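A.B. asks: Please work out how this folds:
(chains A and B)
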There are 2 protein chains.
Amino acid sequence: MKVLVIGAAGMVGRKLTAALLKAGQVGGQEITDLVLADIIAADPPATGIPISSRAVDLSAPETAATLIALRPDLIFHLAAIVSGEAEADFEKGYRINLDGTQHLLEAIRLAGLKTPYRPRLVFTSSIAVFGEPLPADIPDDFPLTPLTSYGTQKAIGELLLADYSRRGFVDGVGIRLPTIVVRPGKPNKAASGFFSGIIREPLAGLEAVLPVDVGVRHWFASPRAAVGFLLHAAAMDTSGLGQRRSLTMPGLAATVDDEIEALRRVAGDKAVSLIRHEPDPVVAGIVAGWPQAFLAKRAESLGFVAEQRFDDIIRVYIEDELGGQIG
Amino acid sequence: MKVLVIGAAGMVGRKLTAALLKAGQVGGQEITDLVLADIIAADPPATGIPISSRAVDLSAPETAATLIALRPDLIFHLAAIVSGEAEADFEKGYRINLDGTQHLLEAIRLAGLKTPYRPRLVFTSSIAVFGEPLPADIPDDFPLTPLTSYGTQKAIGELLLADYSRRGFVDGVGIRLPTIVVRPGKPNKAASGFFSGIIREPLAGLEAVLPVDVGVRHWFASPRAAVGFLLHAAAMDTSGLGQRRSLTMPGLAATVDDEIEALRRVAGDKAVSLIRHEPDPVVAGIVAGWPQAFLAKRAESLGFVAEQRFDDIIRVYIEDELGGQIG
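C.D. replies: Got it, this is the predicted structure:
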């Protein structure tokens, strides 16, 4: 099978690529060809599978047609302008997150008009499709009420995915990812950055700033779990989805205090002492509107699995990013 | 104030235009200029208010910019490819119902980048944003679960309206209209056509075909009520809407049997005897997936008013379309 990953250069895209190459198959079907697309060329790992990497701009209407002309059997659409940037640059957010997704779906539909074509499309949505007022535990049938442009664009992507799937143009699965922690790399400016930072920096012997109260509760999964969701969505039987093609992924509800105590259990008091509480009312205000926890029953019943304890999320980071060793 | 009606040549558009000209004002502000736009030029009535009529194609990106260059203070966006046609012609539905709405919002945003501009935009959505499985009485916070391309396009329009309003580019109100009965004119091919036909044709002494069971229950308002919703949305204080900019309009839940008994009370047994029951499984199947009734509490609390009895819907038709006389 031919696999296309759009957004392959991002953190999740790189980990997904590595997992695809390691497995060599999806749902028992051998991967014969892997195409990596992103705004910058992804670094193609050395492998026995024919692999190509393309630098493309999904907001250009011809890009999707060029990629779909390769007729991939399986497409992962991970490309997105993230929440903060989509809010700061309104036009760019809509161009990539809405127009880009629409171009992709249209290219798939138009390809199918010539000769039959109905690829599996795994679309990464986000819990940002939900906005206040929210219950403490959000059920699967809660209405899409985004309060950011990013969340709006993802909600529209879900609606398009459902309609194109209903019409038989594509076999779509939308997965609403939890906040992914622990993100590797340097601290970034995302409002959610501290959720990773307060684990990652102390594990490296560095100070981390905590801008919110320790009582703040949020919804998490590891990068490894995210890759697991993507691979499961790629291979699952979609007949169980009915018309509701997007699923809230399972995750783990934890407070900042839960994070800190897990860090203490895994890495000791010295690591915890590197967390400096420096309240930032702007960040606290943004985070206050975020979902706290979900009842992801549909996804769980369809076989999606996430971590159960924050300790496990930290251990995944140590295994996958630190070679199993705390520095 | 300058008023723009997009979709002015349709049934609701024509009645809205007449109501605007009769009132001469909206929310106490005098109408100084009225622009009617549709794919065919609307017939501008003789009036003291300067009025112009334009034949435009909203799916052409420059159309919205040309209309918005007039800087209307109030915009009614009624233009749409209807449900059946949007399902039959996928591209046309998306071009008008999605791209057209997006072009309009973008034209408004871009006009405001030059000099401050934030018009009131009244957008007609539809109860087609809701699809099965549905409760018998659908609450205001029920998720958008469209099962048609038309419903998908309207749901996306609602999300865009909310985001553009949140960002301060427009002051939007989305109103989800009930099925409008009694539609004047000839029978059309819409699956919902019989709801009007079984009243309109007998009142004209003509036979009407009923393709579904008399137990079928649906959600209705008159064209006069629809115009009332539009005018109320144009003048209301939008601060009470919060971030949820679209409202399910009040209406009246009635079975086909309720319709028939109302016709009997208003026009007698002879009229009722002109209804011929000729079951059509295709129409019955489509209608079976439609909403039956709503709890439109938000809209009611914000001052929107609809008929309470089907007899009143029939009387509105007789007054507004038949000059108060049954033929």
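
A.B. asks: List the contacts of stretch A:310-327.
C.D. replies: Residues from elsewhere that reach stretch A:310-327 (C-beta atoms under 8 Å, 6 or more residues apart in numbering or on different chains): A:15, A:181-182, A:184, A:199-200, A:203-205, A:220-225, A:252, A:254, A:258-259, A:262-263, A:265-267, A:271, A:307. Using the backbone N, CA and C atoms, a C-beta is placed for each residue, glycine as well.

A.B. asks: Now do it: distance to the chain's middle.
C.D. replies: 20 Å (C-alpha atoms, centre = their mean, to the nearest Å).

A.B. asks: In that stretch, which residues are buried?
C.D. replies: Neighbour-count burial for stretch A:310-327, counted by 16 or more other C-beta atoms under 10 Å in any protein chain shown, picks out A:310, A:311, A:312, A:313, A:314, A:315, A:316, A:317, A:318, A:320, A:321.

A.B. asks: Excluding chain neighbours, give the residue nearest to residue A:27 in space.
C.D. replies: If the residues on either side of it in the chain are set aside, residue A:27 comes closest to residue A:235, at 3.1 Å by C-beta to C-beta, 6 or more residues apart in numbering or on different chains.

A.B. asks: Let me fix that, I meant to ask about residue A:78.
C.D. replies: residue A:7 (3.3 Å).

A.B. asks: Using CSV, list the CA coordinates for stretch A:191-211.
C.D. replies: Below are the C-alpha coordinates for stretch A:191-211, written out as CSV (Å, rounded to 0.1, in the frame of the first residue of the first chain):
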residue,chain,number,x,y,z
ALA,A,191,0.2,28.6,25.9
SER,A,192,0.2,24.9,26.7
GLY,A,193,4.0,24.7,26.6
PHE,A,194,4.5,24.6,30.3
PHE,A,195,2.6,21.2,30.6
SER,A,196,5.6,19.7,28.9
GLY,A,197,8.2,22.1,30.2
ILE,A,198,7.7,21.3,33.9
ILE,A,199,8.6,17.7,33.2
ARG,A,200,11.2,18.0,30.4
GLU,A,201,13.3,20.8,31.8
PRO,A,202,13.8,19.3,35.3
LEU,A,203,14.6,15.9,33.8
ALA,A,204,17.4,17.7,32.0
GLY,A,205,18.5,19.4,35.2
LEU,A,206,17.1,22.8,34.0
GLU,A,207,14.7,25.2,35.7
ALA,A,208,11.1,25.3,34.4
VAL,A,209,8.6,28.1,34.8
LEU,A,210,5.0,27.2,35.9
PRO,A,211,2.7,30.1,35.0
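
A.B. asks: Just the mean pLDDT for that stretch, thanks.
C.D. replies: Along stretch A:191-211, the predicted local confidence has a mean pLDDT of 95.

A.B. asks: and for that stretch, what are the contacting residues?
C.D. replies: Residues lying outside stretch A:191-211 but in contact with it, judged by C-beta under 8 Å, 6+ apart, are A:83-84, A:179, A:181-184, A:187, A:212, A:218, A:220, A:256, A:259-260, A:263, A:267, A:271-272, A:274-280, A:283-284, A:286-287, A:314, A:317-318, A:322, A:326-327.

A.B. asks: Which among these count as buried?
C.D. replies: In terms of neighbour count (16+ other C-beta under 10 Å), the buried residues within those are A:83-84, A:179, A:181-183, A:212, A:218, A:220, A:256, A:259-260, A:263, A:267, A:271, A:274-275, A:283, A:286-287, A:314, A:317-318.

A.B. asks: quick one: residue A:220 from chain B, how far?
C.D. replies: Using C-beta to the nearest C-beta, to the nearest Å, one obtains 24 Å as the distance from residue A:220 to chain B.

A.B. asks: picking up where we left off before, give me the subset of the contacts of stretch A:310-327 lying in helices.
C.D. replies: When DSSP state H defines the helices, the subset of the contacts of stretch A:310-327 inside them is A:15, A:199-200, A:203, A:223-225, A:258-259, A:262-263, A:265-267, A:271.

A.B. asks: which one among those residues gets closest to chain B?
C.D. replies: residue A:225 (25.6 Å; C-beta to the nearest C-beta).

A.B. asks: Give me the spatial nearest neighbour of the closest one, chain neighbours excluded.
C.D. replies: Here the nearest residue to residue A:225 in space, its sequence neighbours aside, is residue A:306; by C-beta to C-beta, 6+ apart that works out to 4.6 Å.

A.B. asks: list the contacts for that neighbour?
C.D. replies: Counting by C-beta under 8 Å, 6+ apart, residue A:306 makes contact with A:178, A:221, A:222, A:225, A:228, A:229, A:249, A:250, A:251, A:252.

A.B. asks: mind running it again at 6 Å?
C.D. replies: By C-beta atoms under 6 Å, 6 or more residues apart in numbering or on different chains, the contact set of residue A:306 is A:221, A:225, A:250, A:251.
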